[in-house]
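Colleague: Okay, predicted coordinates and the sequence, questions at the end:
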Amino acid sequence: MPVKGIVEPQDRAENLTALRHLKMARSAHAFVRGNTIQFYDWLEQAGHTLPKGPDIWICGDCHVSNIGPVADNNGGIDIQIRDLDQTVMGNPAHDIVRLAVSLATAARGSDLPGVITARMVEQLIDGYERAMGSGRKEYRLVDRPSCISVVMKAATKRRWKHLADERIEGSKPTIPLGRRFWPVTDEERAELETLALSDGMQKLVTQLVHREDDARVELVDAKYWVKGCSSLGRLRYALLIRVSGRKELCLVDIKEALRAAAPRSATADMPRDNALRVKEGALHLAPNLGQRMMASRIQGKTVFVRELRPQDLKIDLEQMAPDDAMEVARYLGNVVGRAHAAQLSREQRKSWLSELARNRPQNIDAPSWLWRSVVELVQAHEGGYLEHCRKYAGALA
């Protein structure tokens, strides 16, 4: 990595690849988060027959860190799915398995015994099934765990200065070069400025209830953004934009949209444009986020655009106590279940619940297909993680 972490555009690819390997080597859970493609490869190799759920929009990459507080345009906040890069119309069972594996890996990182992992899988499916409701009721909420309530309280107190301090290291109207933000080319800058001044961007950033619909928008600064793990290596930009009238600054995230790795329904009617696919999936699964998105093109590639809000946070489970782990599993299962249930009719929910209730062994109150998938995929991820660390040990030392 160059001095002070600043990388010129011509050197991006090499440095981003090395950084991605480093991030994935930091922990087994980080390896799970950054390995969506291999997850589905391993799931297919396991050969288990998953229940065939109704064709609905699914997250496709439903791990713990992709769920958290998300702000809407009117000042409200809710826990929703917060990353929809992999969203497709497909089998909801894939989201259940992906979340279960993520929770199981987080449990191992917290040195929790295997029996707790088994109970977490039980609680996850319980929370999910409650979201499907019963009778006429569309869903049943489960209590929010204390550790997630803490995240929600923090989200409600956050303002622009907090976002600026975390993302751009200060509230001055510039994005400083460093390890997280790299220079853009003159060509990129010109395209980003055109996008910033477009009618679409003006409409996007004036959606907030306190901003005037006809407020003028201007680009203050633009940088290449080194962010995430699985997204390293694709186009990613941060725009600092000023909205006139209130002289308010906002931070806009631009991210290249790639073809999803998640299996999709062969008969589903989805947008062919990947950025439009992400937006459509977000509107169904996380409306707070979907309403704040638009699709565009930069450098000949399709991208989706969203304004970041200070209240948007991810849930990190670095260390969990046994009771917290089970409560979190139940609650997150409920969050995902509600996102799925909102797309289903009463009869479809009833049918899907019946399918989920099948094939439950006597020693664990979770479907056998789910438990077997978790066991085999955790084994595959553990082996893959150690092999990843061995392969890149020299480069990462």
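Modeller: Cool, got the structure. Since the model is a prediction, treat every value here as computed from it, not as a measurement. Residues are numbered from 1 along each chain as shown.

Colleague: where does the chain have low pLDDT?
Modeller: Along the chain, segments meeting pLDDT under 70 span 1-4, 47-48, 134-139, 166-172, 209, 230-231, 245-247, 318, 393-397.

Colleague: Give me the most central residue, it.
Modeller: Nearest residue to the geometric centre of the chain (C-alpha atoms, centre = their mean): residue 83, 2.5 Å.

Colleague: tally of neighbours for the closest residue to residue 274 other than its chain neighbours?
Modeller: Closest residue in space to residue 274, ignoring its immediate chain neighbours: residue 257 at 3.7 Å, by C-beta to C-beta, 6 or more residues apart in numbering. The C-beta positions use only the backbone N, C-alpha and C, and glycine is treated the same way. By other C-beta atoms under 10 Å, the residues close to residue 257 number 22.

Colleague: tell me the contacts of residue 257?
Modeller: Counting by C-beta atoms under 8 Å, 6 or more residues apart in numbering, residue 257 touches 85, 273-275, 277-278, 295, 302-304.

Colleague: let's go with 10 Å and repeat that
Modeller: Going by C-beta atoms under 10 Å, 6 or more residues apart in numbering, residue 257 touches 84-85, 234-235, 273-279, 295-296, 301-304.

Colleague: swap in residue 104?
Modeller: 29, 32, 112, 114, 116-118, 120-121, 124, 329, 374-375, 377-378, 381.

Colleague: swap in residue 193?
Modeller: 218-219, 222, 239 are the contacts of residue 193 under C-beta under 10 Å, 6+ apart.

Colleague: and if you look at residue 280?
Modeller: Per C-beta under 10 Å, 6+ apart, neighbours of residue 280: 57, 84, 87, 89, 270-271, 273, 290, 293, 295.

Colleague: Go again with 7 Å.
Modeller: Residues counted as contacts of residue 280 (C-beta atoms under 7 Å, 6 or more residues apart in numbering) are residue 271.

Colleague: Can you report phi and psi for it?
Modeller: Dihedral pair for residue 280: phi -60, psi -40, per degrees, to the nearest 10.

Colleague: and it, how far is that from residue 286?
Modeller: 12 Å (C-beta to C-beta, to the nearest Å).

Colleague: And the helices in the stretch 101-250 of the chain, which stretches?
Modeller: 114-132, 146-157, 160-167, 186-196, 199-205 (DSSP state H, counting those that start in this stretch).

Colleague: Looking at those helices, which is nearest to residue 102?
Modeller: The closest of these to residue 102 is helix 114-132. By C-beta to C-beta, the value is 10.1 Å.

Colleague: Which strands or helices does the closest one pack on?
Modeller: Secondary-structure packing of helix 114-132 (3 or more C-beta pairs under 7 Å, 6 or more residues apart in numbering; DSSP states H and E): helix 93-109, helix 322-341, helix 346-356, helix 368-391.

Colleague: Out of the ones you listed, which is closest to residue 177?
Modeller: helix 368-391 (30.0 Å).

Colleague: Let me know the angle separating the closest one from helix 346-356.
Modeller: 70 degrees (axes from the mean of the first three to the mean of the last three C-alpha atoms, to 10 degrees).

Colleague: hang on, the earlier thing: sort out which of the contacts of residue 257 are buried, if you could.
Modeller: 84-85, 235, 274-279, 295-296, 302-304 (16 or more other C-beta atoms under 10 Å).

Colleague: May I see those residues organised as TSV, with distance to residue 140 and secondary structure added?
Modeller: Output for the buried ones among the contacts of residue 257, formatted as TSV (distance: C-beta to C-beta, whole Å; DSSP: H, G, I helix; E, B strand; the rest coil):
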residue	distance to residue 140	secondary structure
84	25	coil
85	30	coil
235	41	coil
274	35	helix
275	35	helix
276	33	helix
277	31	helix
278	29	helix
279	29	helix
295	35	strand
296	40	strand
302	39	strand
303	38	strand
304	33	strand
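
Colleague: which of these lies closest to residue 323?
Modeller: residue 84 (30.9 Å).
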